[in-house]
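Chemist: 3D, please:
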Amino acid sequence: MKNTVYKSASIVTALSVAERGLGFLYRIVLSRLIGAEGLGLYQVALSLFSLFLTVGTGGIPITVSRMISKSKAENDPLGQRRAVSAGICLCLVLTLPFCFILGAFGDKMTFLFSDERSFGVFRILLLGLACSSVYAVIRGSFWGNKEFLIPSILEIAEETVMVIAGVLLLRSVPTPAVGAEKAAWAVVISYFFSFTASLLCFFFRGGKLSAPQTAFKPLFKATMPITSVRASGSLVNSAVAVLLPVMLIRAGAGKTEALRLFGIVSGMVLPVLFIPSTLIGSLSLVLVPELSEDFYRKNYERLRKNLERGLSVSFLIACVLIPFFYALGEDIGRLAFSEAAAGKMIVKSSLILLPMSLTMISTSMLNSLGFEKQTFLFYFIGAAAMILCILVLPAFCGVYAYILGLGVSYVLTAVCNLVFLHKKGLIFQKNTEQVCVRPLLFSLIAVLPLSVLGQTFCTLFKGFAGQTLAVVFSALALAACTALLYVLLGIIPIKKKNRRKTAVFS
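Modeler: Predicted coordinates for the structure are as follows:
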């Protein structure tokens, strides 16, 4: 089972990295074609659209996945089909009314946007709301059946369609507002594509639907806490999109400058910082069905092992990436976005990768085990702290108030999640042998020297190579040094006969 999980996680991770890499390159092109102001308008509209998309889907895909896992454990094929049918119906009920109301009367709700020009972008995005919601349910059905390759291919295909459509549409952009609207059309086109392709794959693979009545109540009951958490997250993001520019203006920035700064932090810096989410998301995606099956089968020993492995791998991923962000972030910002401010923000924000990674994986774990109410409470604690930072700190540190708020939010949420799992006896018990504390501690201690070493490499290589080559050479050298140090410290195991392996991955 362990080999299957690792193999599936590797495949999903490879495809996810390709997808995110493509999306990152598109974000670079987008920032250059429509500028920071246009990117700000696009992000403001996208943040509110994400709220309605979350309300329409929320926890439905992951709940459908878990219900399918439960039905498989109980040998109930009819229950699997009913779960998918109920998920699709519930998504349509939650999205179609929003599409009609906001499409017809949305022009009276422009007060929801910090800039009225974002409303036109938002109305275009609404056209893809229902399609994207149904696609999310179909994707969840594949997860529940442990078919990870198909949804991963669909994801990268959707991203590819968006990039192609965006590049073609954005060849001529007279104003930032027009550019933001064309970028929204690219998103809608990609949603139509993934909706059609996912349905064809579902039925071609033998998928069937059944009367969903008996599955509605358990689906709705399990979905609401997760949807509440994710809707709260989207609501918080929408609030940030409104509050942050306002607070920056109160702190002395002009309206255009405030929107530009928001575009930089939300459209340039955060996509870079969320790169670890690709790896964490792939790991949690593969683990969720396994955790759900073990939980319902009461196989608690294997459940604990997988929980501990998942947390340990997430911890190591963050510790490996922090030095790269710290050493090379400023050059990445300049090269990718032609924005020195973006690079400086990436460097100063690199430390939040650790609590962010732990929050992502632990929240997915709690949801897969049915503790959705707890994740809602813990998220609310962190979100309240972030909003407070945005309301208070811009006068002292400007746009960095958002980064500080995210850091505080992730720390609080991660601590609450881990303490809860520990109290439930699911992780880090006295007799556990699955997690070796020493490798985790060594990887954390190694962050500082590796960060300094990365900066040294970058300075040295810039002496005889251009900025681009210096970043490439520095990244390769830092990767080699990280691997060597991890081998020497025992974090990466070296197989030897008649010798017990103590590393995290053993």
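
Chemist: which residues in the stretch 201-350 of the chain form helices?
Modeler: Here the stretch 201-350 of the chain has its helices, by DSSP state H, counting those that start in this stretch, at 213-250, 255-264, 270-273, 276-296, 300-337, 340-349.

Chemist: what packs against the third one?
Modeler: Using 3 or more CB pairs under 8 Å, 6 or more residues apart in numbering; DSSP states H and E as the contact test, the elements touching helix 270-273 are helix 2-56, helix 300-337, helix 340-349. Bear in mind the C-beta positions are built from the backbone N, C-alpha and C, glycine included.

Chemist: To L235, which of the ones you listed lies closest?
Modeler: helix 2-56 (5.6 Å; CB to CB).

Chemist: Please report how far L353 lies from L406.
Modeler: Note on L353: its distance to L406, by CB to CB, to the nearest Å, is 11 Å.

Chemist: who has more neighbours, these two?
Modeler: L353 (26 against 23; other CB atoms under 10 Å).

Chemist: Near the residue nearest to the more buried one when sequence neighbours are not counted, how many other residues are there?
Modeler: Spatial nearest neighbour of L353, excluding adjacent residues (CB to CB, 6 or more residues apart in numbering): A318 at 4.6 Å. For A318, the neighbour count with other CB under 10 Å is 25.

Chemist: Same question for the one 10 residues further on.
Modeler: Counted with other CB under 10 Å, the burial measure for L328 works out to 25 neighbours.

Chemist: Check K221 too.
Modeler: With other CB under 10 Å as criterion, K221 counts 11.

Chemist: Am I right that T223 is in contact with L94?
Modeler: No: judged on CB atoms under 8 Å, T223 makes no contact with L94 at a distance of 9.9 Å.

Chemist: So for the two, which sits in the more crowded spot?
Modeler: It is T223, of T223 and L94, that has more neighbours when counted by other CB under 10 Å, with 24 against 21.

Chemist: ok, and the closest non-adjacent residue to P355?
Modeler: Nearest to P355 is Y410, by CB to CB, 6+ apart, at 3.7 Å.

Chemist: what's the following helix or strand after the helix or strand where the one you found lies?
Modeler: Here Y410 sits within helix 400-423, counting by DSSP states H and E. Once helix 400-423 ends, the next helix or strand along the chain (criterion: DSSP H and E) is helix 437-445.

Chemist: buried sites along that following helix?
Modeler: Of the residues in helix 437-445, 439-440, 442-443 count as buried by neighbour count, 16 or more other CB atoms under 10 Å.

Chemist: I'd like the mean pLDDT over the helix or strand where A186 lies, please.
Modeler: Following DSSP H and E, one finds A186 within helix 176-204. The average pLDDT within helix 176-204 is 91.

Chemist: what about G35, how many residues close to it?
Modeler: G35: 18 neighbours (other CB under 10 Å).

Chemist: show me the contacts for it.
Modeler: G35 makes contacts with 176, 179, as judged by CB atoms under 8 Å, 6 or more residues apart in numbering.

Chemist: Give me the pLDDT value at it.
Modeler: 82.

Chemist: Please apply the same query to A136.
Modeler: At A136, pLDDT is 88.

Chemist: Which neighbouring elements make contact with the helix or strand containing it?
Modeler: Taking DSSP H and E as the definition, A136 sits inside helix 129-144. Applying 3+ CB pairs under 8 Å, 6+ apart, one finds that helix 129-144 contacts helix 2-56, helix 60-73, helix 77-105, helix 149-169, helix 176-204, helix 276-296.

Chemist: what residue ranges in the stretch 51-200 of the chain score low on pLDDT?
Modeler: Counting by pLDDT under 70, the ranges of the stretch 51-200 of the chain that qualify are 106-112, 114.

Chemist: how about the nearest residue to D294 once chain neighbours are set aside, what does it touch?
Modeler: In this structure, D294 finds its nearest non-sequential neighbour in L303, 4.1 Å apart by CB to CB, 6+ apart. L303 sits next to 291, 294-295, 426 when contact means CB under 8 Å, 6+ apart.

Chemist: Can you tell me which of these is nearest L259?
Modeler: Of all the contacts of L303, L259 sits closest to L291, with 42.1 Å by CB to CB.

Chemist: Pull the number of nearby residues for the nearest residue to that closest one once chain neighbours are set aside.
Modeler: Spatially, and ignoring its direct neighbours in sequence, L291 is nearest to S368 (4.4 Å; CB to CB, 6+ apart). By the measure other CB under 10 Å, the count of residues near S368 is 25.

Chemist: returning to that earlier point: for the contacts of L303, which entry has the maximal number of neighbours?
Modeler: L291 (25 neighbours).

Chemist: For that residue, give me the pLDDT.
Modeler: At L291, the model reports a pLDDT of 73.

Chemist: Could you tell me which residues make contact with it?
Modeler: Applying CB under 8 Å, 6+ apart, the residues near L291 are 303, 306-307, 365, 368-369.

Chemist: Now with 10 Å, please.
Modeler: Going by CB atoms under 10 Å, 6 or more residues apart in numbering, L291 touches 66, 69, 284, 302-303, 306-307, 310, 364-369, 426.

Chemist: swap in E330?
Modeler: So E330 contacts 340-348, 455, 458, 471 (CB under 10 Å, 6+ apart).

Chemist: where are the low-confidence patches of the stretch 351-500 of the chain?
Modeler: 429-436, 493-500.

Chemist: Kindly recompute the last result at 90.
Modeler: 357-358, 360-380, 383, 395, 397-399, 420-444, 458-459, 462-471, 485-500 (pLDDT under 90).

Chemist: neighbours around the residue nearest to Y191 when sequence neighbours are not counted, how many?
Modeler: If the residues on either side of it in the chain are set aside, Y191 comes closest to G128, at 3.4 Å by CB to CB, 6+ apart. Using other CB under 10 Å, G128 is surrounded by 23 other residues.

Chemist: was I right about G128 contacting L53?
Modeler: Yes: counting by CB atoms under 10 Å, G128 touches L53, with 8.9 Å between them.
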